[in-house]
Structures are given as C-alpha cells and as structure tokens.
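Chemist: Take a look and give me a structure for this.
(one chain, ligands or ions: 1)
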Amino acid sequence: MAEFFHGRMLIDGKLTEAVDGEHLESVNPATEEVIGRVPAGKAADVAAAADAADRAAPAWAALSAQERGSLLKEVASALRAESDRIVDLEIRDSGNTIRKLKLDIAAAAESLEYYAALAGELKGETVPATAHGLHFSMREPFGVVGRIVPFNHPIFFAAGKMAAPLAAGNTMVIKPSEQSPLSACVLGEICQQVLPPGVVNIVTGLGSTAGEALVREPRIRRIAFTGSVPTGLAVQRAAAEVAVKSLTLELGGKNPMIVFPDADLDAALPAAVRGMNFNWAGQSCGSQSRLLLHESIYDEGVARVAEIVSGLKVGDPRDPASDMGPVNSKAQYEKVLRYIDHAEQDGARLVAGGHSLRGEAFPSGYWVEPTVFADVTPEMRLFREEVFGPILSIVRWSTPDEAVALANDVEYGLTASVWTRDLATALDTVRRIEAGYIWVNGVSIHFPGTSFGGFKNSGIGREEGIEELYSYTQPKFVHVNAMPR
Ligand code: NAD
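Modeler: Got it, this is the predicted structure:
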C-alpha cells in the first residue's frame with residue numbers, strides 16, 4: 001500500500017503548515033481512499049506568502065535574464081528527476097492515466113526550458129520620435145504574480161506555468177486546486193532546493209478562502225487564472241474591488257470539430273475520439289466535445305465513432321494499457337451523470353457508454369463509461385454547456401454556413417478543428433470560427449511557441465508563446481533629451 005502523503009506549503013523558503021493548523025484531505029478517485037493531506041491555507045498564509053514574494057522580488061528582478069534562466073533549467077531538471085514520484089502521486093490524486101501524465105511532466109519541464117531560453121528576448125524598442133532625443137522602452141516585471149491552478153493538469157499548470165512569470169523577473173504565489181493539490185507540494189520541495197527563498201511560494205487551500213485572498217491581496221497586481229468561467233468572473237469581480245490589476249483568464253470550452261464531406265474519415269474519426277481527450281476522462285479544456293458531421297457522412301461517422309469509443313479500455317490509471325481512468329472527484333462524477341440524464345431527457349440519442357461503471361469491476365471510485373450522444377441540437381444543454389467529462393456530442397449539419405453558425409453558437413471560443421481536403425474551404429471556415437486555437441486536419445496538440453487562449457467567455461490573454469512572457473511585464477518608455485538647452 002502506498003504511503004500517506006503529508007504535503008506542506010512553501011512560504012519564504014520554508015515548508016510549512018497553515019497558520020491555524022487545519023488540513024484538507026485528498027481522495028484517490030479510483031478507490032475513494034484518503035491518500036494524503038495538505039494544509040488548508042487561509043488569508044493569513046496568503047499574506048505571508050505575498051510578503052515573502054514581495055521581499056524577494058527586487059533581488060530576483062536584478063538577476064540577469066540568463067541567471068534566472070539557468071535556475072529555471074535547474075527546476076526543470078529536478079522535475080524530471082522526481083518524475084516517477086510525481087507520476088505515482090498524481091495518478092492517485094487525479095485519476096489521470098499514466099501515459100498522458102508522463103507527457104504532462106515532460107511538458108512542464110519543456111515550458112521551464114523554453115522560457116529560460118526566451119528570457120533574453122525581453123527587449124524594448126527605440127523610436128525615432130525626435131531628431132536629438134533618445135526614446136526607448138524597457139520591459140519591467142510586475143513584482144508578485146498570483147497563479148491559480150485548476151484540477152485537471154495539476155503539475156503542468158503549477159510547474160510549467162511558473163516559467164514565464166519567473167523568466168520575466170516576477171516572484172510568485174501559486175495556489176493549486178484543492179481537488180488535486182499533492183504534486184504541487186513536491187514542486188514546493190523542488191523550489192525550496194533550487195530557488196532563493198520567497199521567489200516561489202505555494203499556498204494550498206480552498207478557492208473560497210486561499211484563492212479569494214490571493215486575488216484580493218494588494219501586493220499581487222498580476223493574476224493568472226486557469227479554471228471555469230463562473231470562477232473567472234468571480235476573480236475579475238474580486239480583483240476589481242481591490243485595485244486595478246492585470247488579469248489573464250484561461251477558461252472553459254465547448255469546442256467544435258467540423259468534418260466536411262470530403263474529409264479523410266479514416267483519419268478524422270479516430271482524431272475526433274483523440275480530440276475528446278478521453279485519456280483525461282474528457283477533463284481537458286481544449287477537448288473537441290462537439291463533433292459536427294455533414295449529413296452525407298453522418299450515419300457512418302456516428303457508427304464508427306461509437307465503435308471506437310466503445311472499444312476504449314477503462315481501467316486502473318497506473319496501467320499503461322488503460323485509455324481512461326476515473327473522473328477526478330465525486331462532484332465531477334455526479335456532474336457527468338447529471339449531464340447524461342439531461343441529454344436523455346432532452347432527446348439526444350445515446351450511441352456509446354452512458355452509465356456509471358461502479359459495481360463489480362469498480363466497487364468504489366468515480367468511474368463512468370466513455371459516452372457518445374448523437375442527434376444533439378442547439379436547444380440541448382449538452383450542446384452548449386461544458387461538462388468537462390467523458391461525453392462527446394455529435395451534431396448534424398447540411399450547409400457550410402450552418403456548420404459555422406453551430407460552431408459559434410455557444411458562449412465559449414477556445415479551440416476548434418476543421419477537417420477537409422480543400423484548402424479554400426479550410427481557410428474560409430477558419431476565418432469565420434470564433435476561437436483562439438484552431439487545427440486544420442488535426443486535434444489536441446499544442447505546438448511549441450504558438451500562443452494558446454480563448455475568444456469570448458473562454459478567456460483573456462494568451463499563454464505558451466512569447467506573448468505570455470511579455471504579459472508578465474509592463475512597458476516603461478523613457479525619453480532622453482540629449483540637448484537640454
Ligand atoms: P474552478 O474554476 O472550479 O477552480 C479553479 C481554481 O480556482 C482552483 O484552484 C480553485 O480553488 C480556485 N477558486 C475557486 N473559487 C475561487 C475564488 N472565488 N477565487 C479565487 N480562486 C478560486 O475550475 P476547475 O474545476 O478546477 O477546472 C476546470 C475548469 O478549468 C474547466 O472549465 C476547464 O475548461 C478550465 N480550464 C481551462 C484551461 C485553459 O487553458 N483555457 C485549462 C484547464 C482548465
């Protein structure tokens with residue numbers, strides 16, 4: 001039996017408990033066993049973390065970009081060295097499958113290395129505004145950045161997304177999700193070893209206490225939030241009550257994949273299943289959860305997708321043969337089952353899965369079948385609401401205008417995917433789709449250096465490219481009068 005994990009927060013270079021000594025328990029979603037606990041950080045802990053980050057900020061900003069970059073590379077190496085321990089812990093804390101989880105750790109390390117190398121690109125500009133003067137800009141860090149992390153890719157969002165703010169010369173307070181906080185405590189141990197005290201602080205705790213305190217903390221002027229739309233709105237409101245803060249929001253999606261009749265179905269239909277991210281039990285923001293099939297390929301497409309999804313192996317997330325593990329928490333499990341009920345009540349046609357798997361094979365835990373509903377229409381809740389679970393909807397369309405209208409007929413605009421062999425059709429569709437990250441004849445993959453983020457209620461700002469690095473700086477323009485008389 002695996003060891004019980006006692007996580008601690010990292011504040012000012014020390015691994016600590018919460019000021020009031022309270023804890024939150026972590027539950028393995030595959031078994032419902034309590035596998036660890038973390039401090040239930042409160043406002044006082046956030047204040048101590050912000051204070052430490054504020055004190056560490058001038059010295060961190062005064063390092064050269066290369067010096068900061070070297071330390072980020074050391075964090076990346078330490079993360080790779082701890083990979084097995086983190087994978088073991090995070091599988092038990094999140095239910096994410098081992099094959100994909102290893103990629104998350106690699107992606108976090110690569111992000112640290114990418115921004116370490118990019119730090120030297122924090123350049124300003126010179127502008128020939130007058131004949132004798134010198135007019136130039138510099139990029140300066142904000143000071144302390146607050147980052148709030150969702151439950152679905154815990155180590156990637158905690159470790160990978162600290163790269164850009166740190167490279168830009170900011171210090172940080174990070175708040176992991178209370179649903180899967182354990183790997184962030186290992187990250188805290190790594191940061192304690194590698195970074196000067198106070199540069200990275202990690203405060204575990206509930207969103208309503210530690211999260212809100214972080215947003216309202218006056219010393220944190222730049223907030224990066226990843227999570228759901230309702231929480232994103234709450235973050236905007238709370239921040240605005242305190243100060244003028246710089247915010248980026250990476251929020252949810254109800255992402256369309258449009259398949260035209262000329263598409264290569266042998267490639268497109270398996271991609272539709274991959275794009276739904278069943279390996280994360282559908283819990284990935286970029287998932288293509290609405291498959292829009294042209295009427296001429298609809299029946300064949302529905303049948304083939306249903307067959308592929310029915311063949312997915314649901315099982316122990318530690319087994320490399322498992323395609324899907326449990327969903328992350330009891331709340332997620334109940335939400336997924338509720339949406340299955342809604343879809344049935346609303347008249348969608350169940351073509352794969354559709355049931356809880358709790359029973360003989362899985363006596364406990366949050367297990368649901370990978371599920372596909374066909375004949376989903378815009379009036380249905382499943383069409384427009386983000387389930388963030390393993391449910392794929394299939395929608396029929398007749399004309400390209402209708403396909404685009406269906407794709408855009410939701411509050412979200414995160415990702416989209418277009419499948420056709422015709423370049424003109426592809427480009428015309430891409431221009432008309434309201435989304436920030438679009439694949440043509442592809443799904444899922446985030447390409448290095450290309451910025452990710454949403455239109456509409458899917459967010460503000462872009463991450464993963466140079467724009468993310470710049471977003472953690474504020475430009476300062478300087479005007480030098482070389483001839484003061
Ligand atoms: P969530 O909004 O419930 O929680 C996210 C984080 O916010 C958690 O750390 C939580 O503790 C904290 N929080 C909750 N209430 C808060 C408050 N009042 N003030 C400050 N912080 C608060 O989201 P979740 O369920 O953890 O994650 C799933 C959501 O995240 C989905 O909607 C998904 O699409 C989205 N997501 C988006 C991206 C992206 O890049 N666009 C990536 C991953 C996940």
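Chemist: Distance-wise, check residue 98 relative to the ligand.
Modeler: Per C-beta to the nearest ligand atom, to the nearest Å, residue 98 is found 20 Å from the ligand. Backbone N, C-alpha and C define where each C-beta goes, glycine included.
Chemist: how many other residues sit next to that residue?
Modeler: 19 (other C-beta atoms under 10 Å).
Chemist: my read: it touches residue 315, true?
Modeler: No: shown here, residue 98 and residue 315 do not form a contact pair, counting by C-beta atoms under 8 Å, at 10.9 Å.
Chemist: Quickly list what's touching both of those two.
Modeler: residue 322 (C-beta atoms under 8 Å, 6 or more residues apart in numbering).
Chemist: Which positions in the chain make contact with the ligand?
Modeler: 148-152, 175, 177-178, 207-208, 211-212, 215, 226-228, 231, 234-235, 250-253, 285, 386, 388, 414, 454, 459 (C-beta under 6 Å from any ligand atom).
Chemist: Can you give the domain ranges for the chain?
Modeler: When the chain is parsed with automatic domain parsing, its domains come out as 5-251+459-477, 256-447.
Chemist: As TSV, the ones you listed with mean pLDDT would be great.
Modeler: Output for the domains of the chain, formatted as TSV (pLDDT from 0 to 100):
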stretch	mean pLDDT
domain 5-251+459-477	97
domain 256-447	97
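Chemist: Dump these into CSV; add distance to residue 483 as well.
Modeler: CSV is the format used below for these (distance: least, C-beta to C-beta, whole Å):
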stretch, distance to residue 483
domain 5-251+459-477, 5
domain 256-447, 47
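Chemist: mind listing the strands for the stretch 251-400 of the chain?
Modeler: Counting by DSSP state E, counting those that start in this stretch, the stretch 251-400 of the chain has strands at residues 256-259, 290-294, 349-352, 371-374, 391-397.
Chemist: Same list, these, but as CSV with mean neighbour count please.
Modeler: Shown next, in CSV, are those (neighbours: other C-beta atoms under 10 Å):
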stretch, mean neighbour count
strand 256-259, 27
strand 290-294, 26
strand 349-352, 18
strand 371-374, 27
strand 391-397, 25
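Chemist: So what pairs up with residue 173 in the strands?
Modeler: residue 146, residue 201 (DSSP bridges).
Chemist: surely it meets residue 148?
Modeler: No: counting by C-beta under 8 Å, residue 173 stays clear of residue 148, with 9.5 Å between them.
Chemist: Common neighbours of these two, please.
Modeler: residue 214.
Chemist: Tell me which of those two has more neighbours.
Modeler: Ranked by neighbour count (other C-beta under 10 Å), residue 173 and residue 148 place residue 173 first, with 34 against 25.
Chemist: residue contacts, that one?
Modeler: By C-beta under 8 Å, 6+ apart, the contact set of residue 173 is 46, 49-50, 53, 144-147, 201-203, 214, 217, 220.
Chemist: Of those residues, which is the most crowded?
Modeler: Greatest neighbour count in the contacts of residue 173, by other C-beta under 10 Å, goes to residue 49: 34 neighbours.
Chemist: Find the nearest non-adjacent residue to the one residue in the stretch 1-150 of the chain that gets nearest to the ligand, please.
Modeler: Residue nearest to the ligand within the stretch 1-150 of the chain: residue 150 (3.2 Å; C-beta to the nearest ligand atom). Spatial nearest neighbour of residue 150, excluding adjacent residues (C-beta to C-beta, 6 or more residues apart in numbering): residue 227 at 4.6 Å.
Chemist: The residue of the stretch 1-150 of the chain closest to the ligand contacts residue 226, correct?
Modeler: Yes: proximity of residue 150 to residue 226 meets the contact threshold set by C-beta under 8 Å, at 5.1 Å.
Chemist: which residues do those two both contact?
Modeler: The contact sets of residue 150 and residue 226 overlap at residue 157 (C-beta under 8 Å, 6+ apart).
Chemist: Wait, residue 70 touches residue 116, no?
Modeler: Yes: look at residue 70 against residue 116 with C-beta under 8 Å: they come within range, at 7.2 Å.
Chemist: So between those two, which is more surrounded?
Modeler: When residue 70 and residue 116 are compared for neighbours, residue 116 comes out ahead with 23 against 13, by other C-beta under 10 Å.
Chemist: so what's residue 437 up against?
Modeler: Going by C-beta under 8 Å, 6+ apart, residue 437 touches 286, 414-416, 446, 450, 452-454.
Chemist: mind running it again at 7 Å?
Modeler: Contacts for residue 437 (C-beta atoms under 7 Å, 6 or more residues apart in numbering) come out as 286, 414-415, 452.
Chemist: same thing with residue 259?
Modeler: Contact analysis of residue 259 by C-beta under 7 Å, 6+ apart lists 268, 292-294, 297, 301, 419.
Chemist: Return the closest of the residues you listed with respect to the ligand.
Modeler: So of the contacts of residue 259, ranked by how close each gets to the ligand (C-beta to the nearest ligand atom), first place is residue 292, at 19.5 Å.
Chemist: Starting from residue 374, give me the distance back to the closest one.
Modeler: According to C-beta to C-beta, to the nearest Å, residue 292 and residue 374 sit 12 Å apart.
Chemist: Same check on residue 165?
Modeler: Using C-beta to C-beta, residue 165 is found at 44 Å from residue 374.
Chemist: again, but for residue 44
Modeler: With distances taken as C-beta to C-beta, residue 44 is found 52 Å from residue 374.
Chemist: As a check, name the ranges of all helices in the stretch 251-400 of the chain.
Modeler: Counting by DSSP state H, counting those that start in this stretch, the stretch 251-400 of the chain has helices at residues 265-275, 295-310, 330-346, 381-384, 400-408.
Chemist: could you dump those helices to CSV with mean neighbour count?
Modeler: Shown next, in CSV, are those (neighbours: other C-beta under 10 Å):
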stretch, mean neighbour count
helix 265-275, 20
helix 295-310, 17
helix 330-346, 17
helix 381-384, 19
helix 400-408, 18
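Chemist: of all those helices, which lies closest to residue 134?
Modeler: Within these, the stretch nearest residue 134 is helix 400-408; the backing value is 47.4 Å (C-beta to C-beta).
Chemist: Which strands or helices does the closest one pack on?
Modeler: Applying 3 or more C-beta pairs under 7 Å, 6 or more residues apart in numbering; DSSP states H and E, we find helix 400-408 packed against strand 256-259, strand 290-294, strand 391-397, helix 423-432.
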